[in-house]
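*Asks:* generate a structure from the sequence data that follows.
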Amino acid sequence: MNDNNSPQTVIQKREYQSVILKRLKKNFSQGIHCIAEVDTGLGKRVLTYLLIKEILPTQRVLLLLHSTTSYLETIHYFEKEYGGFTEGDFQSFSSRTPTWLRKRIITEARIVASTPQTFANVFEKISGDKPKFDAIIINEVDKIVRRQGDSRLLIFPYNTLIPYFIQYAWIVGMTGTLRDSHIFYDHRQDQIKIRDERVTLDKRIPDLEIISMDELLSETDVDSYIQYTRIKKELVEPSESLRTILQQIDQGIKSLRELIIEEQIAENPTLLEMIPNSQLALVSGMLEANDTQKYNGLLLTRKYTVSMQVEKYRKFLYRLKKFGITKEMIHAIPNTNAKVKQILHLLKDRSDTSKTVVLCSYLDTAHLLVERVSAEGFTPFLVTGEVRNKVEVLNAFKNHSTRSVLLMTSVGERDIDIPQADLLIVYDVVNTVKTMYQRMKRTRGGTVLTLCYRETFEEKKVDRLLFEISKRYPWSSVIR
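*Replies:* Now for the predicted structure:
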């Protein structure tokens, strides 16, 4: 987006960015709140900078950034890459900033940047009249909706901040994924419901307009800048013992699901009216049913079995004797995970300058892969929730000249983009379509291989996710 890194850099706007900014300017003048759906890699950060610079040049602006990683990267790009702002205009604070200085920044700075919780923690401590902002810009606005909840449909602290902000400020949301639904309990109708998150945002932020990717694709040049990602299901052959165990767990889950549904319908025929059986795992925590705890425990054990290493998940299997799982079955599981072997096989043919990213859910898997990848002659880089110097690790990976592999856990990879890599391997998947799409777009274009055990629930799960991704995000995903 920039010609150089000097403060005089002029950002060359693309057509679709100009269209979005024009709409935002009109909405600001008319007092209409707005959400811009801009897919990953299309410059939401640039749009945020230009919005403040061109449309809000004198207004007080609060910029809420979803995570610490996003916070640090945004500050870097604003100040070092995009040319910055007038001296003293742009100020930011983190949880390490002294409280007295945070209060001063909130009160005096024209542009304030922070993570939402850090901002809320100090904002509520300001006595008397609270400082006001003309505009509130929310990064990753889709994530403020609770995936599962009751009367509180927005996550903390947005459940209290949004009602306060809409009284006097213009709200702008930026997002790349605004196409999921969420589940909540409707007290008025005594029903558990599933609803599009766009509807919930519209109800919580009145006078809201959404600029969708569909509009941009039909009216602008945005398709010229989309980086297509080839997504492929990569089948892994499980041992017969593991396949049998997974089948036994599946049968147990199915039986418990039927008992829970039967019990709920007997007590309240309409309670689960809008929830398909496939979504029961999401609502089970909201139900008062005798078998709910067993059901959730079995789901978690199944997740461990396809995501953790054998020595970690084996202890959970011993508890499932009543579901037909014997010690003989458990001891017959090979100690070396078939998925780990598959990853090493996939890496074998990679070029000397290749860069590969592997995403997994658990630390034990990430640490084992670091060990095995290193033994195969690759240089491993590890990013987890425990790693404090993520930026340094990522820069080292990006700048490494020979075969390298970046291993990230689901906690560590939040809001991280690695366009330098051309292959991303997903060790295990989650049910949320949005989350999986975001993970698969970490490398922007390139190829994504999604591992799953052949002829198990996991293969069906991956098939369902890939179908939903192709349906919701057809402009940037090629499913193979």
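
*Asks:* name the element Ile35 belongs to?
*Replies:* strand 33-37 (DSSP states H and E).

*Asks:* and that strand, C-alpha only, in CSV?
*Replies:* Taking C-alpha atoms only, strand 33-37 is exported to CSV below (Å, rounded to 0.1, in the frame of the first residue of the first chain):
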residue,chain,number,x,y,z
HIS,A,33,-23.6,3.9,12.4
CYS,A,34,-21.8,1.6,10.0
ILE,A,35,-20.0,-1.8,9.7
ALA,A,36,-17.6,-2.5,6.8
GLU,A,37,-17.2,-6.1,5.9
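
*Asks:* use 38 as the first number from now on
*Replies:* Renumbered: residue one is now 38, and that last one reads strand 70-74.

*Asks:* which neighbouring elements make contact with the next helix or strand along the chain from that strand?
*Replies:* Sequence order places helix 81-87 as the next helix or strand after strand 70-74, per DSSP H and E. Helices and strands touching helix 81-87, by 3 or more Cβ pairs under 8 Å, 6 or more residues apart in numbering; DSSP states H and E, are helix 52-67, helix 105-113, strand 172-176, strand 207-212. (Glycine included, C-beta is placed from N, CA and C.)

*Asks:* note down every partner strand of the strand holding Ile72 and its orientation.
*Replies:* Paired strands of strand 70-74, with direction, are strand 207-212 (parallel), strand 245-248 (parallel) (DSSP bridges).

*Asks:* select from the helices and strands packed on helix 81-87 the stretch with the lowest mean pLDDT.
*Replies:* The minimum mean pLDDT among the helices and strands packed on helix 81-87 belongs to helix 105-113 (a mean of 87).

*Asks:* got the angle between that one and strand 172-176?
*Replies:* 120 degrees (axes from the mean of the first three to the mean of the last three Cα atoms, to 10 degrees).

*Asks:* name the residues that touch helix 105-113?
*Replies:* Contacts to helix 105-113, defined as Cβ atoms under 8 Å, 6 or more residues apart in numbering, come from residues 82, 85, 100, 102, 129, 131, 150-152, 176-177, 427-428, 451-453.

*Asks:* on that earlier part again, show me how far the strand holding Ile72 is from its chain's centre.
*Replies:* A distance of 19 Å separates the centroid of the chain from that of strand 70-74, by Cα atoms, centre = their mean, to the nearest Å.

*Asks:* got a list of contacts for that strand?
*Replies:* With Cβ under 8 Å, 6+ apart as the contact definition, strand 70-74 has outside contacts at 57, 60-61, 64, 81, 84, 178, 203, 207-215, 238, 242-250.

*Asks:* return the most buried member of the strands paired with strand 70-74.
*Replies:* Of the strands paired with strand 70-74, the one with the most neighbours on average (mean count of other Cβ atoms under 10 Å) is strand 207-212, at a mean of 24.

*Asks:* what does Tyr265 show for phi and psi?
*Replies:* Tyr265 adopts backbone torsions of phi -70, psi 140, taken as degrees, to the nearest 10.

*Asks:* give the next helix or strand downstream of the helix or strand that Glu496 is a member of.
*Replies:* Taking DSSP H and E as the criterion, Glu496 maps to helix 494-509. Next helix or strand after helix 494-509 toward the C-terminus (DSSP H and E): strand 514-516.

*Asks:* what lines up beside that following strand in the sheet?
*Replies:* strand 266-273 (parallel).

*Asks:* hey, where'd the helices end up in the stretch 88-237 of the chain?
*Replies:* Along the stretch 88-237 of the chain, the stretches classed as helices by DSSP state H, counting those that start in this stretch are 105-113, 136-145, 153-160, 195-202, 234-241.

*Asks:* and those helices, which one is worst for confidence?
*Replies:* helix 105-113 (a mean of 87).

*Asks:* so that one versus helix 153-160, what angle?
*Replies:* Using the same axes, to 10 degrees, one finds that helix 105-113 and helix 153-160 are set 80 degrees apart in direction.

*Asks:* around the nearest residue to Val470 once chain neighbours are set aside, count how many other residues there are.
*Replies:* Nearest non-adjacent residue to Val470, counting by Cβ to Cβ, 6 or more residues apart in numbering: Glu505, 4.5 Å away. Residues near Glu505, counting by other Cβ atoms under 10 Å, number 18.

*Asks:* so Glu505 touches Lys471, yeah?
*Replies:* No: using Cβ atoms under 8 Å, Glu505 makes no contact with Lys471, being 9.6 Å away.

*Asks:* can you get me a residue count around Thr416?
*Replies:* The local packing of Thr416 (other Cβ under 10 Å) involves 15 other residues.

*Asks:* below-threshold pLDDT in the chain: ranges please.
*Replies:* 38-46, 186-188, 306-326, 449-452 (pLDDT under 70).

*Asks:* what helix or strand is the residue sitting furthest away from the middle of it located in?
*Replies:* Residue farthest from the centre of the chain, counting by Cα atoms, centre = their mean, is Glu365 at 39.2 Å. If you go by DSSP H and E, Glu365 is part of helix 364-368.

*Asks:* who's in contact with whichever helix or strand comes after that helix?
*Replies:* For helix 364-368, the succeeding helix or strand toward the C-terminus, using DSSP H and E, is helix 375-385. Around helix 375-385, the neighbours that count as contacts under Cβ under 8 Å, 6+ apart are 271, 273-276, 279, 346, 393, 395, 402, 405-406, 409-410, 413, 415, 440, 442, 460, 462, 464-465, 486, 488, 490.
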